[in-house]
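> Next input, structure requested:
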Amino acid sequence: METLLTSPSAQFFALILMLLAVAFGYYKGRNAAVVSGQSLTWTQIPLIALAIISIGPSILAVVLYFAYTFGIIQPGPRGFRFSQVFIFGSPVEFALINWPFVALYLVCRIWPNLGGARLAMWFSVVAMTLPNVVLFGLAPEMVSNARDAGQGIGVIEAMLSFPVIPIMIISALTAPIPLIGLAGWLVGQSVGRFVSATHPKKNYKKN
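You can find the predicted model right below:
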């Protein structure tokens, strides 16, 4: 994962794969929606969450920059600057760390009628989003003029992408975010099936 976050060519390749996966999911879901006559707009939630997590910290950093510039907020003792490296580069790295949101989108688009899929999606989205809240706390560091600015960003990225099982081949699958998302999905599936079994008449009719 460290190579993925530091190598421009690896980042570009990974982003292309993610975009292709999104395009494939959209195509498959569109066909399914036409055949079934059901709306699958709810399957877009993982992508919306991914966009907010990826771009949100940089937007907050820009807001802080202008707040510092116009004296609305007092900057740190080491000053501030508009760092293009962090503000424009961080969204790419944050998106790559959170690739499981794209996998969740694919599952929802390909199998939208899977028992409790919608509820499981929400559980998974919330479970994966919560650890990423810390990324918004990195906004001040993105516009900091300190020499060590950026070290905190690297530490947080490492924490979110460091594999639980240190084996290179499966490191991307055993990092915290996909495991948390999978746990959320399984919990949502269990709750959805229980609700369907106990209240069959209240089962979801529209997707």
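> So the nearest residue to Y68 once chain neighbours are set aside: helix, strand or coil?
Distances taken as CB to CB, 6 or more residues apart in numbering place P75 nearest to Y68, at 4.3 Å, with adjacent residues excluded. Heads up, the C-betas are built off the backbone N, CA and C, glycines and all. Of the three states, P75 takes coil under DSSP: H, G, I helix; E, B strand; the rest coil.
> Starting from P112, give me the distance back to P75.
P75 is 48 Å from P112, where distance means CB to CB, to the nearest Å.
> And for M128?
M128 is 19 Å from P112, where distance means CB to CB.
> between these two, which one's more packed in?
Using other CB atoms under 10 Å as the criterion, M128 and P112 rank with M128 on top: 28 against 21.
> Dump the one helix or strand that one maps to to CSV, keeping only the CA atoms.
According to DSSP states H and E, M128 maps onto helix 117-129. Coordinates of each C-alpha in helix 117-129 appear next as CSV, following Å, rounded to 0.1, in the frame of the first residue of the first chain:
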residue,chain,number,x,y,z
ALA,A,117,-28.9,-5.5,0.5
ARG,A,118,-30.0,-1.9,1.1
LEU,A,119,-29.8,-2.1,4.9
ALA,A,120,-26.5,-4.0,4.6
MET,A,121,-25.2,-1.2,2.4
TRP,A,122,-26.0,1.5,5.0
PHE,A,123,-24.3,-0.5,7.8
SER,A,124,-21.2,-0.9,5.7
VAL,A,125,-21.1,2.7,4.5
VAL,A,126,-21.4,4.0,8.1
ALA,A,127,-18.9,1.5,9.4
MET,A,128,-16.3,2.5,6.8
THR,A,129,-17.0,6.2,7.0
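> list the helices and strands the top helix by length along the chain packs on?
Longest helix in the chain, counting residues (DSSP state H): helix 8-36. Helix 8-36 sits against helix 2-6, helix 84-97, helix 100-110, with contacts defined as 3 or more CB pairs under 8 Å, 6 or more residues apart in numbering; DSSP states H and E.
> follow-up on the earlier one: quick one: the residue nearest to Y68 from R147, how far?
Counting by CB to CB - P75 and R147 are separated by 16 Å.
> The two: which is more packed in?
Ranked by neighbour count (other CB under 10 Å), P75 and R147 place P75 first, with 18 against 8.
> Now do the more buried one, the pLDDT please.
Looking at P75, its pLDDT stands at 85.
> now I48
The predicted local confidence for I48 is 97.
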